[in-house]
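Asker: What follows is a predicted protein model with its sequence.
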Amino acid sequence: MLSAFTKVFRTPDLRKKLLFTLGIIVLYRVGSHVPLPGVSYRNVQTCVDAATKNGGLLGLVNLFSGGALLQITVFALGILPYITSSIILQLLTVVIPRLEALKKEGAAGQGKITQYTRYLTVALAVLQGTGLVATARSGALFPSCPTAAGIVPDGSVLTTVVMVLTITAGTACVMWLGEMITERGVGNGMSMLIFISIASTFPGALWTVKEEGQIADGWFGFGVVILVGFAMVALVVFVEQAQRRIPVQYAKRMIGRKSYGGTATYIPLKVNQAGVVPVIFASSLLYIPALIAQFSNSHAAWATWVTQNFVRGNHPYYVIAYFLLIVFFAFFYVAITFNPEEVAGNIKQSGGFIPGLRAGRPTAEYLGYVLNRLTWPGALYLGLIALVPTVAFASFGGANQLTGTSILIIVSVGLETVKQISSQIEQHNYAGFLR
């Protein structure tokens, strides 16, 4: 490990990329603590502690923003609008032929899709920023806080417009910072910002476990949470690295006096092919009815039922619905992102075949069969990872930040970043060897 760190800082290009990434991360964290104009910072701080302990409807967004949402800062929305836009564009690519054609055009088409993603991100930032400002003005952002109504002292139209424009500009700035990391830094920029946002909430959440644990003394709960956390990290690493390798053989071709092909490779199919996207989909979908119930007539029977059963993360109805939605979206997302017929066509066009199978339709049917068998354990794994810690930590404080989703994202992004750094180190070592 120490030798790997030494190689990173001894390589000039990699050292510059790493320092540039650290600089962007510092700017992002500074922006996450700059208060929004027109907001009473003192009243916000009075309400944040109680909201953090009790959880609430905005828990997922607050987690992805590194706690900036409840503090109503310039980067309050974080990177979540960009993530939502990317997911929407991926879904629309399957439905809209124009987007599907752009996807097949290579770098130029991907650039167009990226441009559409940016436009949609700004539009979503305006909508979500307006909703956040309206929620803060009405006091519904902190329902149990007596000073919640005074968070936005000036309710004029000009102040509201300035707040919405500032939040939108902050979201656009976060999007730009993420793209700069991808272009000039280390790792995927958007994933790195999510990693930093979630990791920044962990120390405070662990300290809350120690201070407010309800089983024995605080140190016992702290130790239990640490042990469960390590077990989950080991499970996530094991499953995220697991893959089914489908062998592919390419026939030899004679061109002139030279023979080409005849090589053997494989198609790596991951057990968790969908990543963390099904968890985000399921959380967002369950968030909608609770949000509608909060802004509707709270005395209505359906609103009371939704508030009682779908606001607390450890309620049986919430747990069952969350688990079923994760399994459904896992199969749905894999179905739209991996097309067995397209992969089989590419293999056939390149002169390859899977040993024991004919090229074309039999290959596509085999790939679909293997993919369905892999998706089942991957979907069940996602459901368990997302729900078991939430239910297990219900008796401890700080469980709102110590979720399976946060651990899954942190470990996955960490593994991908380490892989990219290792590959760049190997490239430099090979260059030195060839000289």
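Answerer: Done, it's in. Numbering: from 1, shown residues only.

Asker: For the one helix or strand residue 267 maps to, buried residues please.
Answerer: According to DSSP states H and E, residue 267 maps onto strand 264-270. For strand 264-270, the neighbour count (16 or more other C-beta atoms under 10 Å) marks 267, 269, 270 as buried. Where you see a C-beta, it was placed from the backbone N, CA and C, and this is true even at glycine.

Asker: which among these gets closest to residue 175?
Answerer: residue 270 (27.2 Å; C-beta to C-beta).

Asker: Am I right that that closest one is in contact with residue 243?
Answerer: Yes. Using C-beta atoms under 8 Å, residue 270 is in contact with residue 243, at 4.9 Å.

Asker: so who does the nearest residue in space to residue 179 that is not next to it in sequence touch?
Answerer: Nearest residue to residue 179 in three dimensions, chain neighbours excluded: residue 189, at 5.7 Å (C-beta to C-beta, 6 or more residues apart in numbering). Applying C-beta atoms under 8 Å, 6 or more residues apart in numbering, we find residue 189 in contact with 24, 177, 178, 179, 180, 181, 182, 183.

Asker: So which of those residues belong to helices?
Answerer: 24, 177, 178, 179, 180, 181, 182, 183 (DSSP state H).

Asker: Return a selection command, for use in ChimeraX, containing the buried ones of these.
Answerer: Listed next is the ChimeraX selection for buried residues among the ones in helices among the contacts of residue 189, using 16+ other C-beta under 10 Å:
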select :24,177,178,180,181
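
Asker: Could I get the CA-only coordinates of stretch 328-344 as CSV?
Answerer: The C-alpha atoms that make up stretch 328-344 are tabulated as CSV, following Å, rounded to 0.1, in the frame of the first residue of the first chain:
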residue,chain,number,x,y,z
PHE,A,328,-38.2,-4.6,-10.1
PHE,A,329,-35.9,-1.7,-11.1
ALA,A,330,-32.9,-3.9,-11.1
PHE,A,331,-34.4,-6.1,-13.8
PHE,A,332,-35.8,-3.1,-15.6
TYR,A,333,-32.5,-1.2,-15.7
VAL,A,334,-30.5,-4.3,-16.8
ALA,A,335,-33.0,-4.9,-19.6
ILE,A,336,-32.6,-1.4,-21.1
THR,A,337,-28.9,-1.1,-20.7
PHE,A,338,-27.7,-4.6,-21.9
ASN,A,339,-29.2,-5.8,-25.2
PRO,A,340,-28.3,-9.5,-25.8
GLU,A,341,-29.3,-9.3,-29.4
GLU,A,342,-27.1,-6.3,-30.1
VAL,A,343,-24.1,-8.0,-28.3
ALA,A,344,-24.7,-11.2,-30.3
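
Asker: follow-up on the earlier one: can you list the residues that contact the strand holding residue 267?
Answerer: In contact with strand 264-270 (C-beta under 8 Å, 6+ apart) are residues 240, 242-250, 343, 367, 370-371, 374, 378.

Asker: Now rank those residues by neighbours and give me the top one.
Answerer: residue 378 (25 neighbours; other C-beta atoms under 10 Å).

Asker: Distance of that residue relative to residue 183?
Answerer: 31 Å (C-beta to C-beta, to the nearest Å).

Asker: same thing with residue 77?
Answerer: 22 Å.

Asker: Same question for residue 276.
Answerer: 23 Å.

Asker: likewise residue 420?
Answerer: For residue 420, the distance to residue 183 - C-beta to C-beta - is 13 Å.

Asker: Then residue 304?
Answerer: 50 Å.

Asker: Give me the spatial nearest neighbour of residue 380, chain neighbours excluded.
Answerer: residue 327 (7.0 Å).

Asker: Can you pull out the low-pLDDT segments for the stretch 51-200 of the chain?
Answerer: The model of the stretch 51-200 of the chain has pLDDT under 70 over residues 51-67, 143.

Asker: do that again at 90, thanks
Answerer: 51-114, 127-160, 179, 182-200 (pLDDT under 90).

Asker: And the closest residue in space to residue 27 that isn't next to it in sequence, how close does it get to residue 418?
Answerer: Spatial nearest neighbour of residue 27, chain neighbours left out: residue 177 (6.6 Å); criterion: C-beta to C-beta, 6+ apart. According to C-beta to C-beta, residue 177 stands 22 Å off from residue 418.

Asker: And for residue 228?
Answerer: From residue 228 to residue 418 the distance is 23 Å (C-beta to C-beta).

Asker: Which one's more surrounded, these two?
Answerer: More crowded of residue 228 and residue 418, by other C-beta under 10 Å: residue 228, with 18 against 12.

Asker: secondary structure element for the more buried one?
Answerer: Per DSSP H and E: helix 218-241 holds residue 228.

Asker: Packing partners of that helix?
Answerer: Judged by 3 or more C-beta pairs under 8 Å, 6 or more residues apart in numbering; DSSP states H and E, the packing partners of helix 218-241 are helix 189-212, helix 361-392, helix 404-434.

Asker: Reformat these into JSON lines and put distance to residue 155 next to each item.
Answerer: What follows is the helices and strands packed on helix 218-241, written out as JSON lines (distance: least, C-beta to C-beta, whole Å):
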{"stretch": "helix 189-212", "distance to residue 155": "30"}
{"stretch": "helix 361-392", "distance to residue 155": "36"}
{"stretch": "helix 404-434", "distance to residue 155": "35"}
